[in-house]
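Trainee: how would this look folded up:
(chains A and B)
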Number of protein chains: 2
Amino acid sequence: MNVPDPAQLSPAQLSPAQLSPARARALFRDGLRVPTSGWSAGFTQANLVALPRDQAYDFLLFAQRNPKPCPVLEVTEPGRVSSAIFGGDLRTDLPAYVVYEHGEPVAEVTDATDFWRDDLVAFLVGCSFTFEAALLEAGVPVRHIEQGRNVPMFRTSIDCRPAGALAGPLVVSMRPMPADQVATAVRVTSRYPAVHGAPVHIGDPSALGIADLASPDFGDAVEVRDGEIPVFWACGVTPQAAVMASRPPFAIGHAPGHMAITDARDSAYLVP
Amino acid sequence: MNVPDPAQLSPAQLSPAQLSPARARALFRDGLRVPTSGWSAGFTQANLVALPRDQAYDFLLFAQRNPKPCPVLEVTEPGRVSSAIFGGDLRTDLPAYVVYEHGEPVAEVTDATDFWRDDLVAFLVGCSFTFEAALLEAGVPVRHIEQGRNVPMFRTSIDCRPAGALAGPLVVSMRPMPADQVATAVRVTSRYPAVHGAPVHIGDPSALGIADLASPDFGDAVEVRDGEIPVFWACGVTPQAAVMASRPPFAIGHAPGHMAITDARDSAYLVP
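Mentor: Numbering: from 1, shown residues only, chains lettered A, B, ... in the order given. So this is what the prediction gives:
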């Protein structure tokens, strides 16, 4: 049997996991809007926050003080829309964006070109989707992939360390799993410190101020089966929660779960 | 035999390794000027760079882009002279400081109070002295401690990634050791990524543009015995080399090897 060369197939003939970052970004540039969990297997996905240069120091300091939710992978020069790890165009090549004015989401768009400004500095922040392939490989279920949904994300009652004008709550992503898989999940994800690393909390959601796992603040609810434990990781939506809480004049973020697919390899963020 | 309680002894009765960070800082505040390698065992030492708030973003971005030489442990608010991990006074509690104007060292002092400004942001950057206790424990010799000298440091021919107005060469520290200890040294120091981590280079100094191991750019030369291999780690003097190369109007740094002894424990920076 001839195995077709993926490079010769049209995107429609490929599964999302098989698409190169460049081909995935081209689909998003053409208007496709989907959550990116499971896309372009082996390539690192990133959260996007773009802020005017005036606010860039506060953001970088916020990230330095809150490294678990805000691991910075890359920072662009003001006005630049690509970078060493993201060969596409940051204004168009994510599936969806949220535009904020004074902390209020004023638009959700699949193309942010009309809103982009020359003084914007774009921060690419690590995403837990990076370690999901490693979890699956280790036999740990990833429910939102099984169910074809966006990952559930929750604002917590834990405050981040503030920096300048930026403050806000820690946001977490949640993956439920059988109790006997939790140790494996901790072990596997600990090896990816640049993309949130080990869980921040295991078990009781109320300890994080989460009232109802069926009502996430971002993304979709997923099934939690009898005997399963919810496991929580720091989430790269945290910077956007800080934007909403701190109300800087202007910001653009990715729509939660709709990430920047970079050209960097997941393996680049794996520690021994 | 009664073992005296270190807290009851005068500093003069204690070895430097036994001194608490607060007592070590008090000696430096009183004017003692010595390299701090081996002091306050178990407590983390840090490089200091203080820059006006105007240059703080460039510095933080320089650090983000060059994490091996510039692992940022803490950033103060403008004008503040202490921090969560440094209970002393950053203006007085290091053994020695270098004051820079337009990149030129204009003063070397044991008290920087007269030079400190209200708009200075102080960056504490990880230091390889942190993992020296772990090296010694693993049986790896640390020659400059054996010889009672400052660690030898060298400017290399490798450029850091620039950020805004800051650019400059990578600076490295060097520790010579028998060939059969190098693997252990790599393994031990890899576990301290926040304080420079694994070596950046092993062996031939000329590959780093270092002409003569007997003539370090900072610190003291140490003996390299027959059959020993020089092992090079990224060094927190790199930011000061960037200050000298990029000539910002004003900066204060520690005198190389004369570090800020923090209240943080080395174990806080150890990864599994």
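Trainee: longest helix in chain A, please.
Mentor: Longest helix in chain A by number of residues (criterion: DSSP state H): helix A:53-65.
Trainee: what's the next secondary structure element after that helix?
Mentor: As assigned by DSSP states H and E, the chain's next helix or strand after helix A:53-65 is strand A:72-75.
Trainee: secondary structure element for A:Ile158?
Mentor: Secondary structure from DSSP H and E places A:Ile158 in strand A:153-159.
Trainee: any idea what A:Ala107 is bridged to?
Mentor: A:Val99 (DSSP bridges).
Trainee: just the pLDDT for it.
Mentor: With respect to pLDDT, A:Ala107 scores 97.
Trainee: equivalent analysis for A:Thr92, please.
Mentor: You'll see A:Thr92 listed with a pLDDT of 98.
Trainee: name the nearest residue to it, sequence neighbours excluded.
Mentor: Closest residue to A:Thr92 apart from its sequence neighbours, by Cβ to Cβ, 6 or more residues apart in numbering or on different chains: A:Arg29 at 4.7 Å. From N, CA and C alone the C-beta is placed, and that goes for glycine too.
Trainee: quick check: the one you found touching A:Asp93?
Mentor: Yes. Counting by Cβ atoms under 8 Å, A:Arg29 touches A:Asp93, with 5.1 Å between them.
Trainee: enumerate the residues of chain A near chain B.
Mentor: Residues of chain A lying close to chain B by Cβ under 8 Å from any Cβ of the partner chain are A:Ala56, A:Tyr57, A:Leu60, A:Leu61, A:Gln64, A:Arg65, A:Val72, A:Val75, A:Ser190, A:Pro193, A:Val271, A:Pro272.
Trainee: ok, now with 6 Å
Mentor: A:Ala56, A:Tyr57, A:Leu60, A:Leu61, A:Gln64, A:Val72, A:Val75 (Cβ under 6 Å from any Cβ of the partner chain).
Trainee: and the strands in the stretch 151-272 of chain A?
Mentor: All strands of the stretch 151-272 of chain A, identified by DSSP state E, counting those that start in this stretch, fall at A:153-159, A:169-178, A:201-202, A:228-234, A:250-254, A:260-265.
Trainee: quick check: mean pLDDT of the longest one?
Mentor: Within the predicted structure, the mean pLDDT of strand A:169-178 is 97.
Trainee: check the offset of that strand from the chain's centre.
Mentor: The chain centre lies 13 Å from the centre of strand A:169-178; the measure is Cα atoms, centre = their mean, to the nearest Å.
Trainee: repeat that for the last one.
Mentor: Between the centre of strand A:260-265 and the centre of its host chain there is 12 Å, according to Cα atoms, centre = their mean.
Trainee: go through it and flag the buried ones.
Mentor: For strand A:260-265, the neighbour count (16 or more other Cβ atoms under 10 Å in any protein chain shown) marks A:Ala260, A:Ile261, A:Thr262, A:Asp263, A:Ala264 as buried.
Trainee: pretty sure the second one sits against A:Pro21.
Mentor: Yes. Using Cβ atoms under 6 Å as the test, A:Ile261 is close enough to A:Pro21 to be in contact (4.7 Å).
Trainee: which residues do those two both contact?
Mentor: The contact sets of A:Ile261 and A:Pro21 overlap at A:Ser40, A:Phe43 (Cβ atoms under 6 Å, 6 or more residues apart in numbering or on different chains).
Trainee: for burial, what's the neighbour tally of the closest residue to A:Asp58 other than its chain neighbours?
Mentor: Leaving out its chain neighbours, the residue that sits closest to A:Asp58 by Cβ to Cβ, 6+ apart is A:Gly164, at 3.3 Å. Residues contacting A:Gly164 under the criterion other Cβ atoms under 10 Å in any protein chain shown number 16.
Trainee: return the helix or strand in chain A with minimum mean pLDDT.
Mentor: In chain A, the helix or strand scored least confidently by mean pLDDT, DSSP states H and E is helix A:132-137, which has a mean of 92.
Trainee: buried set for the next helix or strand after it?
Mentor: Next in sequence after helix A:132-137, counting helices and strands by DSSP H and E, comes helix A:143-146. Residues of helix A:143-146 classed as buried by neighbour count (16+ other Cβ under 10 Å): A:Arg143, A:His144, A:Ile145.
Trainee: contacting residues around helix A:143-146?
Mentor: For helix A:143-146, using Cβ under 6 Å, 6+ apart, the contacting residues are A:Ser37, A:Gly38, A:Val151, A:Pro176, A:Val222.
Trainee: let's see 7 Å
Mentor: By Cβ atoms under 7 Å, 6 or more residues apart in numbering or on different chains, the residues outside helix A:143-146 that reach it are A:Ser37, A:Gly38, A:Glu132, A:Asn150, A:Val151, A:Pro152, A:Arg175, A:Pro176, A:Asp220, A:Val222, A:Glu223.
Trainee: check stretch A:221-235 too.
Mentor: A:68-69, A:128, A:143-144, A:147, A:149, A:152-153, A:170-179, A:182, A:185, A:189, A:196, A:199-203, A:205, A:208, A:213-215.
Trainee: please apply the same query to stretch A:96-103.
Mentor: Outside stretch A:96-103, the residues touching it (Cβ under 7 Å, 6+ apart) are A:33, A:105-110, A:112, A:115, A:243-247, A:249-255, A:258.
Trainee: tell me the mean pLDDT over that stretch?
Mentor: Per-residue scores along stretch A:96-103 average to 98.
Trainee: first-to-last residue distance for stretch A:128-139?
Mentor: 17 Å (Cα to Cα, to the nearest Å).
Trainee: could you list the buried residues of that stretch?
Mentor: Quick answer for stretch A:128-139 (16+ other Cβ under 10 Å): A:Ser128, A:Phe129, A:Thr130, A:Phe131, A:Glu132, A:Ala133, A:Ala134, A:Leu135, A:Leu136.
Trainee: contact partners for A:Gln55?
Mentor: So A:Gln55 contacts A:Pro248 (Cβ under 7 Å, 6+ apart).
Trainee: and it, how close does it get to A:Arg117?
Mentor: 12 Å (Cβ to Cβ, to the nearest Å).
Trainee: and for A:Asn66?
Mentor: A:Asn66 is 25 Å from A:Arg117, by Cβ to Cβ.
Trainee: of those two, which one has the most company?
Mentor: Neighbours per residue, other Cβ under 10 Å: of A:Asn66 and A:Arg117, the larger number sits with A:Asn66, 22 against 12.
Trainee: ok, the more buried one - contacts?
Mentor: Per Cβ under 7 Å, 6+ apart, neighbours of A:Asn66: A:Cys160, A:Arg161, A:Thr238.
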